[in-house]
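>>> 3D model of this:
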Amino acid sequence: MKKFLLLLLAAFLSGGAFAQQRFVKRLKRGDRLTVVTYGTSLTDSPRGWPALLKDSIDALYPGTVEVVNSARAAMWSTWGVQHLDERVLAKRPDLVLIEFAINDAYLPYKTSTEVCRINLEYMIDRIREACPACEVVLQVMNMPYTEMERPQLERYCDVYRKVARKRRLKLIDHSTYWRAIHAAGEEEFRKWVPDGLHPGEKAWRTYVVPYIIRELGIE
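Sure, this is the predicted structure:
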């Protein structure tokens, strides 16, 4: 019985890891795959990190991945729920990267952490229902230099961390390196984030995309 329980625990703990590796295994096999990026202005940019992510994957596995940027600036998770069908599910994705915490925390949108969680879990459930083989990855992005309009941002980021643990999903937590840059002071922070909120191309190339590639295990 003890041996059985240990095997069961090992299977439970490895289940999430297996799902995280599925995309990479298919990539290395040469399958044609679709990646959908879904979120806020931190993702919505014609030559932002999603486009650079495609360039990086193409350099390793040419012509294997289509990256569809379905994010939209100034939107939050309620918009994400409302537009999930046409902007995500209709693309038949193999991998979806989701981030809405930064705007769920935006005071004028009046979105509680509970609504943030409900919306996030709804999106996860709908993706899994419509595309059972799709891997869902959650992201915690950079913080703004000042948080006057997002004073509880960390609580919303924690929603993503907790849901990732609960659902055994991969979490790419960019705050792990942005905290150090933020702590270095405003002058240093704005070298990478000129307007105090949106990273520039230098930051995408130096930090954001390499970190995603590493966390997904594509290298």
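
>>> rest of the way, CA atoms for contacts and neighbours
Fine.

>>> what helix or strand does residue 157 sit in?
Using DSSP states H and E, the secondary-structure element containing residue 157 is helix 153-167.

>>> likewise residue 56?
helix 49-60.

>>> what's the following helix or strand after that helix?
Next along the chain after helix 49-60, with elements defined by DSSP H and E, is strand 65-69.

>>> tell me the mean pLDDT for the helix or strand following that following strand?
For strand 65-69, the succeeding helix or strand toward the C-terminus, using DSSP H and E, is helix 77-82. In this model, helix 77-82 has an average pLDDT of 98.

>>> what helices or strands is helix 77-82 leaning on?
strand 33-39, helix 101-104, helix 113-130 (3 or more C-alpha pairs under 8 Å, 6 or more residues apart in numbering; DSSP states H and E).

>>> any buried residues in it, and which?
Of the residues in helix 77-82, those with enough neighbours to count as buried (16 or more other C-alpha atoms under 10 Å) are 77, 78, 80, 81.

>>> quickly name whichever of those residues is closest to residue 172.
Relative to residue 172, the closest of those is residue 77; by C-alpha to C-alpha it sits at 17.8 Å.

>>> now that closest one. Nearest residue, chain neighbours left out?
Counting by C-alpha to C-alpha, 6 or more residues apart in numbering, residue 77 lies nearest to residue 100, which is 5.5 Å off, once chain neighbours are set aside.

>>> next, count neighbours for the one you found.
Residue 100 has 31 neighbouring residues, counting by other C-alpha atoms under 10 Å.

>>> nearest the geometric middle of the chain, what residue?
Computing the C-alpha centroid of the chain and ranking residues by C-alpha atoms, centre = their mean puts residue 139 first, at 2.9 Å.

>>> helix, strand, or coil at that one?
Put simply, residue 139 is strand when judged by DSSP: H, G, I helix; E, B strand; the rest coil.

>>> use 179 as the first number from now on
Will do, 179 is the new start, and the previous item becomes residue 317.

>>> Throw the buried residues of helix 255-260 into JSON lines and include distance to residue 307, thanks.
Written out in JSON lines, the entries for the buried residues of helix 255-260 read as follows (distance: C-alpha to C-alpha, whole Å):
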{"residue": "255", "distance to residue 307": "19"}
{"residue": "256", "distance to residue 307": "19"}
{"residue": "258", "distance to residue 307": "16"}
{"residue": "259", "distance to residue 307": "14"}
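
>>> of the residues you listed, closest to residue 352?
Distances from residue 352 to the buried residues of helix 255-260, taken as C-alpha to C-alpha, are shortest for residue 255 (18.9 Å).

>>> contacts only, for the closest one.
Contacts of residue 255 were listed using C-alpha atoms under 8 Å, 6 or more residues apart in numbering, and they are 217, 278, 279, 281, 282, 294, 297, 298.
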